[in-house]
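Chemist: Pasting the sequence and the predicted coordinates here, then a few questions.
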Amino acid sequence: MRTKYRLGIDAGGTFTDFVLAEDTGQARLYKALSTPDNPTRAIKEGLKLIGQDLGLSASEIVRECDLCINGTTVGLNALIQHKGGKTGLICTAGHEDSIEIRLGHKEDGYRYDAEYPPAKMLVPRRLRRGVRERIRSDGQVHTPLNEEDVAATCELFLREGIESVAVSLVWSVLDQSHERRAGEIVRKMMPDAAVTLGSELYPQVREYTRTSTSVVNAYLAPIMRAYVEAVDGYFRALGAQHPVRYFQSNGGLSEGAALSDRSVYAINSGPASAPRAGLYVAEPFGTKNVITVDMGGTSFDITLTKDGQTNLNKNIDFLRYRIGVPMIQVETLGAGGGSIGWIDPMGLLQVGPQSAGAVPGPACYGQGGEEPTVSDANLVLGYLNPEGLIGGRLPLDRSCAKAALRRIAEPLGLSIERAAYGMFTIVNSNMAAGIRRVSVERGYDPRDFVLVGAGGATAAHITALAREMGIDTVILPKLASGLCAFGQIISDVKYNVMATAPMRLDTAEAYARLDALFAELEAKGRRQLEADGFGPDRIRIERSIEMRYVGQVHECTVEIGSFPIGGESAEHIKDAFHRRHEQLFTYSERHNTVEVVNIEVTAYGLVEKPAAPQLAEGRDSAAARKGMRDAIFSADGTAVSTQVYDGAILGAGAVVAGPAIIEEETTTIVIEPGWTAALHESGAYRITRDGAL
Amino acid sequence: MTTRTVDPITLSVVRGVLETTQREMTLALEKTARSSVFNLAHDYSTALFNATPEMILQGQDIPIHLGSLVPAMKAVAAYFGDDIQEGDLILHNDPAWGGSHAIDVCMYKPVFHDGRLMYWTVCKGHLTDIGGPVPAGYNPNATEIYAECLRIPPVKIVERGRPRQDVLNLILTNMRARRDQEGDFNALIGACQVGERNLLAMLEKYGVEQVEACIDKLLDMAETHMRSLIAEVPDGTYSGTAILEDAGHGFGDFEITATVTITGDDCHIKIDSPPQIPYFINSYEGNSHSGVYLGLMMFAQLPPPYNEGLYRCVSVDFGPKGTLCNAKEPAPHMNCTTTPMETLTDAVRLAFEQAMPSKVAASWGHANGLNIAGWDKRHDEEYVTMVLATIISGAGATPSQDGWHACGPECCFGALTSGDIELLEHAYPIVIHRYSLMTDSGGAGKFRGGSGTAWEVEPLNGEMTFITFGEGRRIPAMGAAGAKSEMVDAKVGRIELVKGGERKVIRTNVIETLKPGDRVTNMNPGGGGYGDPFERPVEWVVEDMRNGLVSAEGARADYGVAIDPATFAVDEGETRTLRAGRVGGMSQRET
């Protein structure tokens, strides 16, 4: 049966976005208030909204969907609020404290801070129980598993009412037998508990990372399991044709059952769909090098994709917990429209990371906010419409904004206008530093990328940001504020299948072992996708190897093709590693031995994409002029009379030369002098630096 | 103070660029280094200097390096005088030229713009070996610096862009595990180059004059900030004395005294220490700078960024040359970055505690750890390293909270990372049987000190030599605001050796060899407590006991709380008696 819709539901902190893509290429965006205490309620609310708009029942909509996709913050919220399940850890005796020792490190930035608290333990020390057993680094058994220790621990956990158990043993990645046997005992003695095995969840070297990842997973498992059951059940009852797919932090979709077992994959899924959306909107312009920036009220999220490959993070601290599994690298800064300008103890002007939040909000909202925010600066600079945002539904008060800005202008000896431009400059500079973290620090030159804007507040900063980074091309879709939700519905199913393979890459034996291991992982990925209903022609496999020079500790990841690994191809792999090392660190050591640490297969189940969006008929820029406004584009605070355009009137091919401001329904685009915007038939503005092309 | 006008906005931006530059240098170092001491353990620092040379930014790295880069950079620049050329790279480690200890090797790159020397990018890292008679540099039997290491005075390893392979070869030939040392030199050079690239881009973008004015202003602002903090301290003279344990040299315990004199917004710190001794705990001036500055930072508690302006209002008299804290050749010194640095820091901290008791936190556990070496049969090659996982001690409690567990030692202040045990076992032929917190190790107080750690190791498949270093094995970390522990032995560092079936406890610095089946456990002290332990809420003590951080005996002795170890029930009558018995009796509990 041919279906009419695809539905994407993206839960955010404040709003849950609903994107309904029609087979005609039209995409509709709806917003309902998020209901963190009962997340399925927001979904029902949203379906009701759509139903009212289209004159259909929830069931009629869902039955007409080929796919319903859900990005959820349930796991994230549980981790932020420390409201996960009651969890116990079974580990190797003597290693009960690795998640509390945290490698003995205190986070940078707090070195001499006497009040910075330690990270809250998800499993208190008394519920982290060592069992006697030990595998050595060469895979040999040093001490066999003491099963009585495991059983005694289960008895303690039963008495304590433990809902979820993580089992993570030293070197279980080289020999899974102890961990599996311990898992069997737990499942038998505690049939109701969720069980996470370190070597299954994250089979990679690094005991602390694996144990911490397992603990976070176990902690979230009961929450995710209940959530997935509720959502799956609701959609099944409405008559959905396929199971709901869930969006993961790795940038792909997963089946509900798979996500229940691997809940840690859900923790930062919200911004992880931006790269997919960014590639999609950039495609008509022929580039696969995309940096996405998403500025909302309180934060600024950045991702980078080079040649279609998005930067991933592994083994990072997320909300102060070490997470191993791959996640899309999302650099998040406290830089949003509500970010506050302040003068630090040294006397320097800073912006953020504190935010005025939704209440009281920026001073210009007139809800009692007194601190100067980025939105106040943008209003004083003339970027935002003083009559208000969202077509005047959110009125703005310029005098409140000015009064707030005076708080920083006076001590710095600046005019209000110069202080406003100063805040604008500093927040842009902070955002530029964030962009360096995804680009320069990963060995990429940001000038080789286009900048794609998402989120409501980005468009006022986007040309300034591109100027700061030396980027010549910006792509800003009209639907920027709902871009992440859109990204989810065009994503594929994605599973990461990993193994550890510590070996020096210098013998035929090593090549053969590597080849066999990859084949094994690939088969595992394929099996999982086939079970999800993907045929061989809908499966794509990618391989990557983490390598380093012998003696180094940190690895470089190199993506390789799906070819047999032997003498000649191994040389290509090593060459790719040397080049990557040069790119990242300015040098290579071609005479030195290269060793492999971990390997990974990424298995994609390709999902058919909805029809490409098509811009409705419109007119040229002259027809869209709606008046002039004074705007400031320089540090001296001089105002320039600037043309304002109504974005709703502009049609494909319309060209707007800066300085100019384009007001869209949900965002305001500032085109600085020296930049020109052209509206493309796909509904995205392409904004370029004059003379650059 | 500078007179040039500075745009306050560009100022904030330049500050950000400097921090980004330093961050990117640090990342490059960490990701490429071979030495587990620096790539796993963060025992490195990066800094930027102007042409003066004044330090314009120091990373948030190890306090050991906090002060010592300042005199080292000045000594290096002075040595070459007007012979500093574009394309030069200078290597140096020697304490007589401002270095800290010789195994911390520094790389200096002068950055030129339009033919003019503008900046220096500098990195420093702890190598795994620096030549000399024992692996990893720490030789407790050395009576002179010549018996410790290869000394490298400032030397150009690249001159006008041309590498001096002969010089480099001379140096590397004198070091163990040459491949690793060579890799680490590459890492240091790479990081300096990353820094240079960023600084030049900044000059192009904002213009030499504006950038220079901003940097001068940042130095001035740091000075003003530190002066405002010093001005809050009542004028007067405050004194702190800390005891340096005899860790096996036989000369007995020593006292180090810091006398802090506050006059308005100026601070003068005078150090008194005994004459230097023929044992590896003498501190040359560069290293003593770090010890004093860390004590100062424990008072100032400043957030980043850090630059040399902070120290303009602080003058330091390290005492006469030839003393423990102002050593001269030929004093052996290798252990100086922990011992006596931490005792020196304690003395300064204590002087500030006298001045501002409500602000200054307790001392952290001192470092005592292991270096290991041997032959790795798996790859038929030599191995040698300092194991920084063995020095992770507890942090001191503060006026507002318990100390962090496993965050020390004091000289590193949380900047270290100890390295994953699987990565260590992959790199070296060892089996790590235990890496955990220790019961009763945190100093007693209303706020408890953080727990220290135990690290137990067995050689995997051959003989392993270990060398112990440090102190803090008899005297626990100093508490603050009346904190005091009764159960002292659980709170200090020590080494437990099980060799050929025999078990012994070691509290001195020794060299020993183990076979598979033998084990050594290095235990590190907890942090000091803050406030009277009898004021600690009973339920907090119970919670600590449930989590095995405090034993029933510890609860009773240290906190005056009687808890049933089986049920965790509190005997309230007994607790009242215990606590009342010593009310007002703080003086009885002083030693």
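Modeler: Thanks, I have it. Because the structure is predicted, anything quoted here is derived from the model rather than measured.
Chemist: going forward, measure contacts and count neighbours with C-alpha atoms only.
Modeler: Will do.
Chemist: what's the span of stretch B:421-437 from first residue to last?
Modeler: 15 Å (Cα to Cα, to the nearest Å).
Chemist: pLDDT (mean, whole number) over it?
Modeler: Taken as a whole, stretch B:421-437 carries a mean pLDDT of 95.
Chemist: Strands of the stretch 451-600 of chain A, start to end?
Modeler: Ranges of strands in the stretch 451-600 of chain A, per DSSP state E, counting those that start in this stretch, are A:473-477, A:493-504, A:539-549, A:556-560, A:594-605.
Chemist: out of these, nearest to B:Asp166?
Modeler: strand A:539-549 (24.5 Å; Cα to Cα).
Chemist: Now do that closest one against strand A:493-504, angle only.
Modeler: For strand A:539-549 and strand A:493-504, the angle between their directions (axes from the mean of the first three to the mean of the last three Cα atoms, to 10 degrees) works out to 30 degrees.
Chemist: elements contacting strand A:539-549?
Modeler: Applying 3 or more Cα pairs under 8 Å, 6 or more residues apart in numbering or on different chains; DSSP states H and E, one finds that strand A:539-549 contacts helix A:508-531, strand A:556-560, strand A:594-605.
Chemist: and among these, the most buried is which?
Modeler: strand A:594-605 (a mean of 23; mean count of other Cα atoms under 10 Å in any protein chain shown).
Chemist: In contact with A:Val450, which residues?
Modeler: A:Val450 makes contact with A:287, A:289-291, A:471-475, according to Cα atoms under 8 Å, 6 or more residues apart in numbering or on different chains.
Chemist: should've said A:Ala432
Modeler: Here A:Ala432 is in contact with A:465, A:468-469 (Cα under 8 Å, 6+ apart).
Chemist: Which PyMOL command selects the buried ones in the residues you listed?
Modeler: The PyMOL selection below is limited to those of the contacts of A:Ala432 classed as buried (16 or more other Cα atoms under 10 Å in any protein chain shown):
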select buried, chain A and resi 465+468+469
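Chemist: Of the contacts of A:Ala432, which belong to helices?
Modeler: A:465, A:468-469 (DSSP state H).
Chemist: so B:Ala327 sits right up against B:Tyr284, yeah?
Modeler: Yes. Counting by Cα atoms under 8 Å, B:Tyr284 is a contact partner of B:Ala327 at 4.6 Å.
Chemist: Neighbour count for those two, which is higher?
Modeler: B:Tyr284 (33 against 28; other Cα atoms under 10 Å in any protein chain shown).
Chemist: so how far is A:Asn250 from the residue nearest the centre of chain A?
Modeler: Closest to where the C-alpha atoms of chain A average out (Cα atoms, centre = their mean) is A:Ala272, at 2.9 Å. Distance from A:Ala272 to A:Asn250, counting by Cα to Cα: 7 Å.
Chemist: Now do the shared contacts for those two.
Modeler: With Cα under 8 Å, 6+ apart as the test, A:Ala272 and A:Asn250 both reach A:327-328.
Chemist: so where's the chain uncertain?
Modeler: As the question left the chain open, I've gone with chain A. A:1-2, A:13-14, A:389-392, A:693 (pLDDT under 70).
Chemist: oops, chain B please
Modeler: Residues of chain B that meet the cut-off, pLDDT under 70, sit at B:1-4, B:36-41, B:66, B:583-591.
Chemist: Kindly recompute the last result at 50.
Modeler: B:1-3, B:584-591 (pLDDT under 50).
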